[in-house]
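Novice: have a look at this fold, sequence not included:
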C-alpha cells in the first residue's frame, strides 16, 4: 500500500505524522485490496482552530473517503479510521455477494 501524507498550511509534529501513518497501515489488516491511501490534515481558523483529517483509500473499483473535524488531530484521525473500517466492511460484503452470484451462475450453466 502506497501512503501519501499531506499537511495543508502547517508543519505537523512528527508524532502526529507517525500516528496517522500507523493508523492507515492498520487498515490494511481489514482488507488487503487497498492500493493507495492519502492522509490530508488541515485546520480552520487560527484561534480556536478546528482540526480536520481526511483519509482517502483507493481500492479496486473505487475510492473510500472519510473526513472528520474535531479539536485534536489524533481524535480526527482515529474517528476517520473508524469510519473507514465500517466502509471497508461494507465494501467487502458487497464484493463477496457479487462473487457468490457469479459462482452460482457458472454452476447453473455447467449443470
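Specialist: Received the coordinates, thanks. Everything numeric here is computed off the predicted structure, so don't read it as measured data.
Novice: so what's residue 1 up against?
Specialist: Residue 1 is in contact with 24-25, 28, 34-37, counting by Cβ atoms under 8 Å, 6 or more residues apart in numbering. For every residue, glycine as well, the C-beta is placed using N, CA and C.
Novice: at 10 Å what do you get?
Specialist: 24-25, 27-28, 32-37, 57-58 (Cβ atoms under 10 Å, 6 or more residues apart in numbering).
Novice: which of those residues are buried?
Specialist: With burial judged by 16 or more other Cβ atoms under 10 Å, the buried subset of the contacts of residue 1 is 24, 27, 34, 37, 57-58.
Novice: from those, pick the one nearest residue 13.
Specialist: Residue 13 lies nearest to residue 24 out of these, by Cβ to Cβ, at 17.1 Å.
Novice: what about the closest one, which helix or strand?
Specialist: helix 14-27 (DSSP states H and E).
Novice: pull out the buried residues from that helix.
Specialist: 16-17, 19-20, 23-24, 27.
Novice: quick check, residue 85 in contact with residue 66.
Specialist: Yes. With contact defined as Cβ atoms under 10 Å, residue 85 reaches residue 66; the gap is 9.5 Å.
Novice: now the longest helix seen in the chain: mean pLDDT?
Specialist: In the chain, taking DSSP state H as the definition, the longest helix is helix 73-110. The pLDDT scores in helix 73-110 average 85.
Novice: thinking again about what came up before, closest to residue 50 among the contacts of residue 1?
Specialist: So of these, ranked by how close each gets to residue 50 (Cβ to Cβ), first place is residue 24, at 21.5 Å.
Novice: and the closest one, what does it touch?
Specialist: Counting by Cβ under 10 Å, 6+ apart, residue 24 touches 1, 3-5, 34, 37-39, 55, 57, 77, 80-81, 84.
Novice: and of these, the nearest to residue 101?
Specialist: residue 34 (24.0 Å).
Novice: how about the buried ones among the contacts of residue 1 in a markdown table, adding distance to residue 72 and pLDDT?
Specialist: Listed next are the buried ones among the contacts of residue 1 as a markdown table, based on distance: Cβ to Cβ, whole Å; pLDDT from 0 to 100:
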| residue | distance to residue 72 | pLDDT |
| --- | --- | --- |
| 24 | 18 | 96 |
| 27 | 20 | 94 |
| 34 | 26 | 93 |
| 37 | 21 | 97 |
| 57 | 22 | 96 |
| 58 | 27 | 96 |
